[in-house]
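# no sequence on hand, only this structure:
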């Protein structure tokens, strides 16, 4: 790990589970910052804004350096759609959202474009002809019948479905809250409906682009002084999102066993981590020895 210049952490199952930090992680980000190693927190969580997530983690006792970046699945859905909107400036986009405030706020920023409209009310088939319809489905605190009805209405009107993640479960569901994942909702309406959902959550390639961009403060990554992909260590608890993202992005990867994975999990996947640790607190001793 001598060449590591940045460490990117998944959040749930890595830094916290529910409303409790993983043991002995309070100073992990701070210690890396003091070693001039940049840090980021990158999560498929989309229910909350970046400010809310940062405040929640600090309230739990995690010391977060000012330079630490954040990127969520709500932001990745926004950034993906923004590229679509800019690629087709002469077409009108109508966007619907199922989710909590984090993803709603992120998607709402797209209304700065004249050809993009966030629609919360009913759809009129006559008025949406020749328009591009996208329905964003994010994680929700509780699945409601109204969510399922909305999915069906938008699909029947020809909407393309984007999900904020393809996770089957969330480590935060080990707490008091049973979280409703996008795939849960699609599964509940999918038996009589043939449609293709598209996930912009990890390991979507937009995450590599945004991670390097944020680590380098928005500078062109071709700059010789900038952090390169092979100098990034991605720490996560899920192989088909975190470790796959790292492998496909050219990052080094570390699987921790404090969340969705155990020591037997890697046997079932093609994507493999470079390192496996019980939890993030063990990362400090490895880095200190280099």
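Structure's in. What do you need? Please read all numbers here as calculations on a predicted model, not as lab measurements. Numbers count the residues shown, from 1 in each chain.
# and residue 187, how many neighbours does it have?
11 (other C-beta atoms under 10 Å). In this view, the C-beta of every residue, glycine as well, is placed from N, C-alpha and C.
# quick one: the helices in the stretch 51-200 of the chain, in order.
Shown for the stretch 51-200 of the chain, the helices assigned by DSSP state H, counting those that start in this stretch span residues 73-87, 101-108, 145-156, 182-189.
# contact partners of the last one?
What it means is helix 182-189. Residues lying outside helix 182-189 but in contact with it, judged by C-beta atoms under 8 Å, 6 or more residues apart in numbering, are 98, 137-140, 143, 147-148, 151-152, 155, 161, 163-168, 197, 199.
# and the gap between residue 58 and residue 100?
Look at residue 58 and residue 100: by C-beta to C-beta, to the nearest Å, they are 20 Å apart.
# swap in residue 92?
For residue 92, the distance to residue 100 under the criterion C-beta to C-beta works out to 27 Å.
# out of the two, which sits in the busier spot?
residue 100 (19 against 15).
# mind listing what the more buried one touches?
Contacts for residue 100 were tallied using C-beta under 8 Å, 6+ apart; they are 46, 47, 48, 138, 139, 140, 141.
# what about residue 234, which SS state?
Using DSSP: H, G, I helix; E, B strand; the rest coil, the three-state assignment for residue 234 comes out as strand.
# give me the nearest residue to it, chain neighbours excluded.
Across the structure, with C-beta to C-beta, 6 or more residues apart in numbering as the measure, the residue nearest residue 234 apart from its sequence neighbours is residue 246 (4.0 Å).
# and that neighbour, what helix or strand is that in?
helix 244-249 (DSSP states H and E).
# now that helix: average pLDDT?
Per-residue pLDDT over helix 244-249 has a mean of 97.
# before we move on, what about stretch 94-110?
Mean per-residue pLDDT for stretch 94-110: 97.
# any buried residues in that stretch, and which?
Applying a neighbour-count criterion of 16 or more other C-beta atoms under 10 Å, the buried positions in stretch 94-110 are 94-100, 102-107, 110.
# got it, and stretch 77-89?
77, 78, 79, 80, 81, 82, 84, 85.
# would you mind listing the buried residues in stretch 141-161?
By neighbour count, with 16+ other C-beta under 10 Å as the criterion, the buried positions of stretch 141-161 are 143, 147, 150, 151, 154, 155, 157, 159, 161.
# do the same with stretch 254-272
Across stretch 254-272, burial judged by 16+ other C-beta under 10 Å covers 254, 255, 256, 257, 258, 259, 260, 261, 265, 266, 271.
# let's have these in CSV, adding pLDDT, secondary structure and distance to residue 11.
Putting the buried residues of stretch 254-272 into CSV (pLDDT from 0 to 100; DSSP: H, G, I helix; E, B strand; the rest coil; distance: C-beta to C-beta, whole Å) gives the following:
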residue, pLDDT, secondary structure, distance to residue 11
254, 95, strand, 15
255, 95, strand, 15
256, 95, strand, 12
257, 93, coil, 16
258, 88, coil, 12
259, 84, coil, 10
260, 85, coil, 12
261, 84, coil, 15
265, 89, helix, 19
266, 88, helix, 21
271, 93, coil, 20
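# most widely separated two among those residues?
Every pair in the buried residues of stretch 254-272 was compared (C-beta to C-beta); the two farthest apart turn out to be 258 and 271, at 18.8 Å.
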